[in-house]
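Visitor: sequence-free structure coming up:
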């Protein structure tokens, strides 16, 4: 039996008034998606999802 370790990495651009609101917006979208697809995530063994909001630095484009 093979085990597959996978990681999803991404950056969502959101227009919110502060870091907390930005994180809560994305968290609510992820939670909704997870609840609607719980069988899939159970089958692939998802254990954790985490993220942190930040303001882009001077070397990073703000798309």
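Guide: Everything's here; your move. Here the structure is a predicted model, which means the values were calculated and not measured. Numbering: from 1, shown residues only.

Visitor: hey, let's count contacts and neighbours off CA atoms from now on
Guide: Noted.

Visitor: please point out which parts of the lengthiest helix in the chain sit buried.
Guide: Longest helix in the chain, counting residues (DSSP state H): helix 19-36. Under the neighbour-count criterion of 16 or more other CA atoms under 10 Å, helix 19-36 has 22-23, 26 buried.

Visitor: what is it packed up against?
Guide: Packing contacts for helix 19-36, counted by 3 or more CA pairs under 8 Å, 6 or more residues apart in numbering; DSSP states H and E, involve no helix or strand.

Visitor: how does it look with 10 Å?
Guide: Contacts defined by 3 or more CA pairs under 10 Å, 6 or more residues apart in numbering; DSSP states H and E place helix 19-36 against helix 38-44.

Visitor: just to revisit the earlier point, check the offset of the longest helix of the chain from the chain's centre.
Guide: Relative to the centre of its chain, helix 19-36 is centred 8 Å away, using CA atoms, centre = their mean, to the nearest Å.

Visitor: quick one: mean pLDDT for it?
Guide: Helix 19-36 carries an average pLDDT of 92.

Visitor: and the contacts of it?
Guide: Helix 19-36 has contacts (CA atoms under 10 Å, 6 or more residues apart in numbering) with 12-16, 37-38, 40-42, 49-55.

Visitor: hmm, try it at 7 Å
Guide: Residues from elsewhere that reach helix 19-36 (CA atoms under 7 Å, 6 or more residues apart in numbering): 14, 16, 52-54.

Visitor: quick check on those: which are buried?
Guide: residue 53.

Visitor: now the buried residues of helix 19-36 as CSV including distance to residue 1?
Guide: What follows is the buried residues of helix 19-36, written out as CSV (distance: CA to CA, whole Å):
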residue, distance to residue 1
22, 40
23, 37
26, 35
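
Visitor: start to end distance for stretch 7-24?
Guide: Terminal residues of stretch 7-24 lie 21 Å apart, using CA to CA, to the nearest Å.

Visitor: ignore what I typed, I meant stretch 48-57.
Guide: End-to-end distance for stretch 48-57: 27 Å, by CA to CA.

Visitor: same list, the contacts of helix 19-36, but as TSV with secondary structure and distance to residue 3 please.
Guide: Below are those laid out as TSV (DSSP: H, G, I helix; E, B strand; the rest coil; distance: CA to CA, whole Å):
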residue	secondary structure	distance to residue 3
14	coil	35
16	coil	39
52	coil	28
53	coil	31
54	coil	33
